[in-house]
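[1] A structural model of the following input is requested.
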Amino acid sequence: MVANILTPIVNNPKCKLIRYDVFHALPSTANTIIGRAAHIAVLDSEIFIEKFLMVCGLKYFK
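    Numbering: from 1, shown residues only. The predicted structure is shown next:
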C-alpha cells in the first residue's frame, strides 16, 4: 500500500520528497510503545507546530 502511494511521487522528477524525524521525550506507557503518544504530542503541541513551520516547513508552501 505504501509503495502504491509513494511510487508516483518518487518517480516524478518535479517532486521533492522531504522527511523530518521528530523525537519527543515521553514517559514509557502503552501509548508510547504503540507510537500513539508521539502522534498525539505533535498534534497537541501548538507551539511545536508553529516553530516547525517557521523554521523549516513554510518554505515548501511558497
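[2] so what pLDDT did the residue nearest the centre of the chain get?
    When CA atoms, centre = their mean is applied to the chain, the residue found nearest the centroid is residue 20 (5.8 Å). Listed pLDDT for residue 20 reads 82.
[3] close enough to count as contact, it and residue 56?
    Yes: contact status for residue 20 versus residue 56: in contact at 7.1 Å, counting by CB atoms under 8 Å. Bear in mind the C-beta positions are built from the backbone N, C-alpha and C, glycine included.
[4] what's around residue 47, how many residues?
    As a burial measure, residue 47 scores 7 neighbours (other CB atoms under 10 Å).
[5] what about it, helix or strand, and which?
    helix 46-52 (DSSP states H and E).
[6] elements contacting that helix?
    helix 36-44 (3 or more CB pairs under 8 Å, 6 or more residues apart in numbering; DSSP states H and E).
[7] With only the CA atoms kept, save the helix it packs on in PDB.
    What follows is helix 36-44, C-alpha atoms only, in PDB (Å, rounded to 0.1, in the frame of the first residue of the first chain):
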ATOM      1  CA  ARG A  36       0.200   6.800  19.600                       C
ATOM      2  CA  ALA A  37       1.800   9.200  22.200                       C
ATOM      3  CA  ALA A  38       4.200  10.700  19.600                       C
ATOM      4  CA  HIS A  39       1.400  11.400  17.200                       C
ATOM      5  CA  ILE A  40      -0.700  13.000  19.900                       C
ATOM      6  CA  ALA A  41       2.300  15.000  21.200                       C
ATOM      7  CA  VAL A  42       2.700  16.500  17.700                       C
ATOM      8  CA  LEU A  43      -0.900  17.300  17.200                       C
ATOM      9  CA  ASP A  44      -1.400  18.600  20.700                       C
END
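[8] Counting by contacts, list what that helix packs against.
    If you count contacts as 3+ CB pairs under 8 Å, 6+ apart, helix 36-44 packs onto helix 30-34, helix 46-52.
[9] Lowest mean pLDDT across the ones you listed, which one is that?
    When I compare the helices and strands packed on helix 36-44, helix 30-34 is least confident, with a mean of 63.
[10] residue ranges with poor pLDDT in this protein?
    Within the chain, the stretches with pLDDT under 70 are 24, 26, 30-36.
[11] I appreciate the help and will end here.
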